[in-house]
Structures are given as C-alpha cells and as structure tokens.
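*Asks:* model the following, please.
(chains A and B, ligands or ions: 2)
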Amino acid sequence: MENTAVIFANRNFKLKSVNAKKFALWLFIVSICMLFAGLTSAYIVKKSDGRWLEFDMPDMFLYSTLVLVLSSVAMHWTYLKAKDNSLKAVKIGITATAAIAIAFFYMQYLSWVKLVAQDVFLVGNPSGSFVYIFSGLHLAHLIGGLVFLLVVFLDTMNYKVHSKSMLAIEMCTTYWHFLGGLWIYLYLFLVMNN
Amino acid sequence: MSITDIQVTDELVHGDDHHEEHHEQSFIFKYIFSTDHKTIAKQFLITGIFWAILGGGLSVIFRLQLGFPDMDMGFLQPFLGDWISNSGKLDPEFYLAMITMHGTIMVFFVLTAGLSGTFSNYLIPLQLGARDMASGFMNLLSYWFFFLSSVIMFISMFLSTGPASGGWTIYPPLSALPQAMSGSGMGMTLWLVSMVFFIASTLLGGINYITTVINLRTEGMTFRRMPLTIWAFFITAVLGLLSFPVLVACVLLLVFDRSFGTSFYLSEIFIGGEALPNLGGSPILFQHLFWFLGHPEVYIVILPALGITSEVISTNSRKPIFGYTAMIGSILAIAFLSFIVWAHHMFITGMNPFLGSIFMFLTLIIAIPSAVKAFNYITTLWKGNLVFTPAMLFSIGLVSFFISGGLTGLFLGNAAIDINLHDTYFVVAHFHLVMGSAAFFGLLAGVYHWFPKMFGRMMDEKLGYIHFWLTFVGVYLVFFPLHYIGIAGFPRRYYSFTNFDAFSSFVDLNSFVTVAAIITFGAQFIFLFNFFYNIFKGKKAPLNPWNSNTLEWTTPRIPEHGNWPGEIPKVYRWPYDYSKPGAKDDFIPQTVPYHQTKESNTDFENEESKKEQPAT
Ligand code: HEM
Ligand SMILES: [Cu+2]
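*Replies:* Ligands and ions are numbered 1, 2, ... in the order given. Coordinates of the predicted model:
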C-alpha cells in the first residue's frame, strides 16, 4: 500500500518532489533533534539553578566517540559498495558497522562503570543523572539503527540492495550518520558544560 | 478500478511483494485494520466522540459538586461506587481525579486526536488530490497507537486508587511522588504510559500529514492554491512534530524521578515529617519543559478548527476568503510565536521580572495574528450571500468564542494582572472559550460540513439548528459567569468553596452555571442522534451539496479506496472563486481551467490560460 500513493504522485505530479519515505525519515530525525534539544536545554536551565555537581567526564567517552565515528566510516564504505553492486562487500560492511556499534555499546557501559567509580550515580545530583539519560537515550536510538541495519542486511541477502535500488541503504546511512552526529553533539555538550 | 490501477503500477515498478493487500478486502482489513485514510479518519472521529461523551460526563458530575455542594449524590453510586461516600458525598480526591481526566481527555483525546486525527486524515488526501496518505501503514499505526493509549487511560479510571489526579498539567512534586496523593500512584503511571503511546501516535500521524502535503499534491496544486484547511493541518502537524518530542523529554525525566529515584524535579521535600533523599532538582524545570509543549499544544488544538472555519465560512458566504495570503501569514506567525511565549503560564513561579516582561511582550504580539484571523472572518462574512447551514452557524460561533476568549488572553498576558488571576476561574473561563469551545465548534462545523462526503448521506438541518442554538447560548451561560468568579479570586481545582465566606455570594451563580452546563451537555445528545441515525437513514447526499470548489466534492458519492475512480483531477485555480464577477455560477471548482471561463478571467488569468494544455 505504502508505495502506491507515492507512485501515483510521481506519475501525476510534475513539480519536483522528494521521495516520500526519505522525507518522512528526515521528519523523524527532526523530532529526535527536538527531543534532545529539549533535554539539553533542561540541562542548561537546571545548571543555572545552582547546586550543581562538577565532575570530569571519563576518558572512555572520548574513545567510544572515536569508535562511533569509525562505525560511520564503515557504514559509508558499505553505501559506496552498494552503489558499485558489490553485494559481498555490502554484507561485510554491514556486519562490520554493526560489530563496531556493539563495541560502542560496551564502551558506553564501561564509561558508566567509570562514572560510578567517580561516585557519580544515576540517582543523585541531576548533573550526573543527565549524563546517564543522554547516553542511555542515545543508545536506545542506536538499537533502532541496528534493527534498520538488520533489515538492510536481509534485503541484501535477497538481492534487493543494488545500484538501482538504493533507497533502503541510503536511508539507513542517513540515520546512522545522524546518530553519530547526535552523539558527538551530546559528548561535546557534556564536556563543555562540565 | 483504482485498485487494479494501483496494482499494475505497483507491479511494474517493484514486481515483488505487496500482493495481499490489493485483493478483495475482508471485513477486518476494510473496516478495522484499514489503511484507507477515510476509514482511519472515521475511526478517529468515533473514538473522539466516545471520549467527548466521557469527558463531558465527568464535567457534569464535578459541576454538580460545585453548583450544589450539599447535594446527595447517592444516585451516582452505581457508577462511581466507593467514590461516593455513604452519606452521598463525592470523594475529594476523586474530584481531583475527575478534573484531571476531564482536562487530559478534552485537550489530548478529543481536541487533538479527535480533531486533527479526523480532519487531517480525511481532508488532506481528498483536498490535495491524492489517492491516500504517503504511508497508509504509518497511518494505521497512528490510529492503533491512539487506540492503545485510549484503552490504557480508560483502564486507569477504574483503579481502586483512582486515575492521575494532579491536573492535566501533572506538575511535580505532586505527580512525582506516589505517596503525595492516591492518584499519583498507579494512576499516574498509567497516565504516563498512555501519553507515550499518544505521542507516538501524534508523531506518526504528523509525519504522514507533512509528507503528504509536501509530496502528493495533484498537478497544479501549488502551495498558493491549497485550501486553508490544508494549510492549517500542515502547520499544525509541524507544530506537533516540534513540540511533542519536548513533552517526551519532560515526561521521561518525570518517569525517572518516579521510578528510579532521580532528582530532576525534586529537592528538599518533607512528607509526614520525613525528609526525602532527593536533592538538587527543580519543579520549575518541569514547567518550562511542559509549557514548551503546552503552549504550542493549544494552537495544535485551535489551528485545525480555524482552518475548517475558513473553508466553511468562505463557502457559505459565497465569497472568496478575505485575505488568503494574510491567513497563511497569520497561521505561520502564530506557529512561530507559539514557541516563544510558554513562560506566560509561569509568571508567578518567581521568575526574573525582566524575563517576565519579555514573555509578556511576546505573548501580546500573538494577539496580532489572532486578530488578523478574526478580522478576516468578519470581512469574509461582510455583505456575503450567507447560507446558514449548521456548519456555517458553528463556524460563526467559533469566531465569536475565539474573539471573546482571546480578549481575556490579553488580560492574562499582562504579568501584573496575571499575578491576581493566575489559577483562578478567570483562566478557566479564558481557555474554555478560546480553546475548548472554539475548537469544539470547529470540530462540529467540520462534521456537519463533511458528513455528506464521509457517509454519503445528509444530516438533519433542523436538529442541527436546535443543537447549535442550545450549545451556543449554553456555552456562554456556562463560561461567562466564571470570569466573575475568577476575578473574585476563586481558585480553580478546589473541591469546594463553601468554607470561604468571601465566596458565599457566588453560590447562586455557581448553581446557575451547573444547570447551564447540564443543559448544554444534554443538547449534545441531539447531535449524537442526528449523527448516528443519519449515517444509516439519512437522505442520500448530492455530489456537491454546498456548491463548494474543493476537490473532495469531485469524488463519487461514496469514494472507494483510491478516492477517484479514474485519473486524479488536475487543479487550475485557487479554491475560493465564489461569486466571481462575470461567472455564470456563483462558484468555479478548482478543476475548471481558465480557458473555459473567459467571461470571468482577470487579465493575469487570461495569460495563464494560454499556458494550460487543453483538457482531455
Ligand atoms: C490573544 C491571545 C492569547 C493570550 C494573550 C493568552 C494568554 C494566556 C495566558 C497569559 C495564560 C496563563 C494564565 C494563567 O495560568 O495565569 C493563558 C492560559 C491558557 N490559554 Fe491563553 N492566551 C491567548 C490565546 C489562547 C488561545 C488561542 C488558546 C487555545 C487555543 C489558549 C489556551 C489557553 C489555555 C488552555 C490556558 C490554560 C492552561 C492551564 O493552565 O491549564 N489561549 N493564556
Ligand atoms: Cu499559553
């Protein structure tokens, strides 16, 4: 059903139009941006309120950030390979991206352990709680990204991803880069405000 | 036909999956898990009506308490059980639960989901010339998330500890501490869960509406030719997309405070002499986050109603809408401003007076685009050949409420005056007129106007008139006196005011309001009868009963999935060519090309007509 309306539109409609699914993805991204904009503003408002615990962000967050950047590189490589129709490379690429992402999960967990070692807990001064909420919520969105990767992987197995059928992998790449960018924003925000 | 048509194209382009959906649809897929925007719209409408009856019924009960505090409510025991004491008194905590549920139901379930959900779904594809929404599946999800959210909220009303009771704005610490009041326990938890699904539903719907408006307009349907209904739904969806995620943020932190012991909104609280461990939080933070959604939300409620009104008033005045561009401009201005005025709900939270004056200034600026809209409605009506259909009456009623409620907004927007009026019945009167009643009238106008398209039959006009007059007069009788009670200082959300001598002179007025409320509520059953009876028994509707210009009236009496049996119509002009000088009819549908209307074209339009390909 979904595609039919789109197809009709493309046939009947001469004005320039973006692919509806891609557009919907961008709108989804906008809504995630607003979610985190809301949270980070809450952080600033709360901080200006005083009674704010200061602490150093564990270095582990820096390493995990680099790892996440690496996964974006892998994702992009995968995307380019799909354009070249090298499906085998695409499968490897997706697996690598997912594997690096799982490493990122683990490193975020290690960062939390470091935080706890610094006596910064989820339950306590909001300055610490915010770090857990930001990173946790980002991970929750990353799970969505992993599911998306899995879908694209299955599509690839069924030969549905190739240079003439790029929509799924393109959208997946967009979302993945967005999640990377989102974390970099959150990380820099936390480092600069703490 | 359209169905096979769709299938062929689908095969050509994809040649893969998507077979099942196109075969003869079973009952379940046609009426329950349908992806047809028209069916989904009706589902939203019926669910909204259900909630409206419930929300209205609650208000009658608590109005009884306010109007007749000594009354024996024993007769309600069969419905409310233990919430009525053996001496026939309403439980005070349940009073709070009822006003909370009333607010939540009306703001979110009736006037957001019931209004946007119904008319955005119904009209966007039909008025734009699309076969359906961009994603029928997302649309289906949107409805069923709403349904799930409804079920959860409904269940919460039957908890022995009662549903959420801290007001529809769920301010912490009241809502954050289960020990604060019985409604803050399981009832509040279910409220939060229900709202999460509600937000998911709104976002899915909104993403779909925006995508459809951007991508699926038929040929010739430029933005400048879109009916104002669509403009309103479009901007409403954008507002929702930008503001509801902030409510997620707000609610998420509340959930963590409630369930995991964090202190985002809590600090230095003593309950029963015991100090809670929470330190460092701030309940004001919650208000900032909440009203960042909350204020846009009130415009999410009213904009679709205003869009419907524009369409109905123009059609039934047989005149083009006055100031089409100004109308779009004011929608955009309202949308933009609605994000930077939220703190006018927080003047008395101890905010810096300088900050307060900035928010005051921004708030008062909103009066300008609002006034532009009111002015344009009146000038559209001015010297029109008015056709008083029920929909038209309800639209005019909306304009009246929007003006009289908007005026009191100007008072409230002044921080110095608001310090006195905040949290009194004056605020209650303000928002029930400008938002509650106005948006409700928009909803009713929409139902009366598009009923013939939705169900292929006509509603009864006489019953419509009776319904209108009872409701219109009733609303003023209910809400106007509340201004006085509010100016006298009576706070909202109080179970009883008989303990305060200062208010004893208002007893009669309060009884009067209650009687008026019961009559107004009763009048809605006329509508319900008119609605449900005529779905089955109404006179068959002609194709274009109101002689309207927009595309939905070019579909068959009962459009199938796909909306138009043949090609989608093309659009050649804006939707407001009513009573055009020189034209032979007093309306020219959007599908009529300029080269067929030489007699009424302007010079510019004659130029345009040369560019038109001859219609085939
Ligand atoms: C001229 C334009 C308006 C101005 C200046 C204005 C101003 C205000 C102010 C200052 C308050 C806070 C009062 C208080 O709590 O002390 C308020 C409350 C409210 N307004 Fe308006 N308003 C305007 C129009 C509207 C419109 C168009 C709507 C809805 C469609 C609306 C809906 C509400 C609601 C729902 C509340 C109460 C929320 C609550 O506390 O439960 N207002 N308004
Ligand atoms: Cu407001």
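
*Asks:* helix, strand or coil for the closest residue to ligand 1 within the stretch 301-450 of chain B?
*Replies:* Ligand 1 sits closest to B:Gly409 of the stretch 301-450 of chain B, with a gap of 2.6 Å, by Cβ to the nearest ligand atom. Where you see a C-beta, it was placed from the backbone N, CA and C, and this is true even at glycine. Under the three-state scheme (DSSP: H, G, I helix; E, B strand; the rest coil), B:Gly409 adopts helix.

*Asks:* and if you look at B:Gly436?
*Replies:* helix.

*Asks:* where in chain A is the helix or strand with the lowest mean pLDDT?
*Replies:* Lowest by mean pLDDT, DSSP states H and E among the helices and strands of chain A is helix A:2-12, with a mean of 41.

*Asks:* hmm, the helix or strand following that helix touching chain B?
*Replies:* Going down the chain from helix A:2-12, the next helix or strand is helix A:20-48, by DSSP states H and E. Yes. Using Cβ under 8 Å from any Cβ of the partner chain, helix A:20-48 reaches chain B at A:20-21, A:23-24, A:27-28, A:30-32, A:34-39, A:41-42, A:45-46.

*Asks:* quick one: buried residues of stretch B:374-382?
*Replies:* With burial defined by 16 or more other Cβ atoms under 10 Å in any protein chain shown, the residues of stretch B:374-382 counted as buried are B:Ala374, B:Asn376, B:Tyr377, B:Thr380, B:Leu381.

*Asks:* take these and keep only those in helices.
*Replies:* Residues of the buried residues of stretch B:374-382 located in helices (DSSP state H): B:Ala374, B:Asn376, B:Tyr377, B:Thr380, B:Leu381.

*Asks:* what residues are up against B:Tyr265?
*Replies:* B:Pro172, B:Pro173, B:Ala176, B:Leu253, B:Leu254, B:Asp257, B:Gly281, B:Ser282, B:Pro283, B:Leu285, B:Phe286 (Cβ atoms under 8 Å, 6 or more residues apart in numbering or on different chains).

*Asks:* how about a markdown table for those, with neighbour count added?
*Replies:* Converted to a markdown table, these look like this (neighbours: other Cβ atoms under 10 Å in any protein chain shown):
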| residue | neighbour count |
| --- | --- |
| B:Pro172 | 25 |
| B:Pro173 | 20 |
| B:Ala176 | 29 |
| B:Leu253 | 28 |
| B:Leu254 | 23 |
| B:Asp257 | 25 |
| B:Gly281 | 27 |
| B:Ser282 | 21 |
| B:Pro283 | 18 |
| B:Leu285 | 21 |
| B:Phe286 | 26 |
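
*Asks:* and B:Glu93, what's its pLDDT?
*Replies:* Each residue has a pLDDT score; the one for B:Glu93 is 91.

*Asks:* contact partners for B:Phe536?
*Replies:* B:Arg457.

*Asks:* residue ranges with poor pLDDT in the stretch 451-600 of chain B?
*Replies:* Nowhere does the stretch 451-600 of chain B drop to pLDDT under 70.

*Asks:* let me fix that: chain A
*Replies:* By pLDDT under 70, the low-scoring segments of chain A are A:1-17.

*Asks:* residue of it with the smallest distance to ligand 1?
*Replies:* Using Cβ to the nearest ligand atom, the closest approach of chain A to ligand 1 is made by A:Gly38 at 19.4 Å.

*Asks:* burial measure for that residue, as a count.
*Replies:* Here the number of neighbours of A:Gly38 (other Cβ atoms under 10 Å in any protein chain shown) works out to 23.

*Asks:* sorry, back to before: can you say which of the residues of helix A:20-48 next to chain B are buried?
*Replies:* Buried, going by 16+ other Cβ under 10 Å: A:20-21, A:23-24, A:27-28, A:30-32, A:34-39, A:41-42, A:46, out of those.

*Asks:* wait, A:Met171 sits on A:Phe23?
*Replies:* No. Assessed by Cβ atoms under 8 Å, A:Met171 is found out of contact with A:Phe23, at 10.4 Å.

*Asks:* what parts of the stretch 51-200 of chain B come near ligand 1?
*Replies:* B:Thr169 (Cβ under 6 Å from any ligand atom).

*Asks:* so who does the most centrally placed residue in chain B touch?
*Replies:* Within chain B, one residue has its C-alpha closest to the average C-alpha position: by Cα atoms, centre = their mean, that is B:Leu111, at 2.8 Å. Counting by Cβ under 8 Å, 6+ apart, B:Leu111 touches B:Val301, B:Met435, B:Gly436, B:Ala439, B:Phe440, B:Leu443.

*Asks:* neighbour-wise, give me the winner out of those residues.
*Replies:* B:Ala439 (29 neighbours).

*Asks:* quickly find the element holding it.
*Replies:* Residue-wise, B:Ala439 maps onto helix B:438-455 under DSSP H and E.

*Asks:* B:Leu393 too?
*Replies:* Assigned by DSSP H and E, B:Leu393 belongs to helix B:390-413.
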